[in-house]
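S.K.: Any chance you could fold what I've pasted below:
(one chain, ligands or ions: 1)
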Amino acid sequence: MAYPKPLERLIRAFERFPGVGRRTAERLAFHVLRDRESTELADAIGEAIRGTTRCSVCCNVSEGDPCAICSDPERESDRLLVVEGPRDVEAVERSGAWHGRYHVLMGALNPADGTQERHLAVGELVRRVRSGGVREVLLATDPDAEGEATALFVLESLDHAGAKVRVSRLARGLPAGSALEYLHRGVLEDAIEGRVTLRDGETG
Ligand SMILES: [Zn+2]
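M.R.: Numbers count the residues shown, from 1 in each chain. Just a heads-up that it's a prediction; the model follows:
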């Protein structure tokens, strides 16, 4: 027996969430319907979409454009930490180990989930660097296969554009396959402090 159309639509919407299969999507949909009076979820989704935007400078999700970090004159604007997603920014901010600004790629190269070069905000980064005022780009993608491939792609893109900028990478020795957002504050601090230079800005 088929579900009513509106219910099927809700199930399909949940199925598009990362890591959610058909059965979980059904459970979530029935959970929503059980509390029929509550429009909290629908309101929260609508407000999250309407109330946020992408920062046109660093590409992070933010309430305003430019975001709070990009418009903070106290942050060093000549050093950019390049991360995969907004949760990485949160993790690094919590560690207090970075006083520069960010660039958020919004993903990592991943053949399994279909994320390709064109989905990442690398072109925006190259333009940002080429427009001047940036001395260092610190690649802080996750220490896993996708993160390494992404870091290499960013490095090649900067090279290809002839960007004269120092490019560095987080210190080696991070737990392989881990995600930046789950690293302990001290580990993150050490990785940033002990970063390795991949390209000297002068030879760029
Ligand atoms: Zn920003």
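
S.K.: any idea of the mean pLDDT in the top helix by length along the chain?
M.R.: Ordering each helix of the chain by length in residues (DSSP state H) puts helix 145-160 first. For helix 145-160, mean pLDDT rounds to 95.

S.K.: What helices and strands are in contact with it?
M.R.: In terms of contacts (3 or more CB pairs under 8 Å, 6 or more residues apart in numbering; DSSP states H and E), helix 145-160 is packed against helix 122-130, strand 136-139, strand 166-169, strand 196-199. For glycine as for every other residue, the C-beta is placed from the backbone atoms N, C-alpha and C.

S.K.: May I see the buried residues of that helix?
M.R.: 146, 147, 148, 150, 151, 153, 154, 155, 157, 158 (16 or more other CB atoms under 10 Å).

S.K.: so it versus helix 122-130, what angle?
M.R.: Inter-element angle recorded for helix 145-160 and helix 122-130: 40 degrees (by axes from the mean of the first three to the mean of the last three CA atoms, to 10 degrees).

S.K.: And the contacts of helix 145-160?
M.R.: 82, 84, 105, 108-110, 117, 120, 122-123, 125-126, 129, 137, 139, 141, 165, 167, 169, 198-199, 204 (CB atoms under 8 Å, 6 or more residues apart in numbering).
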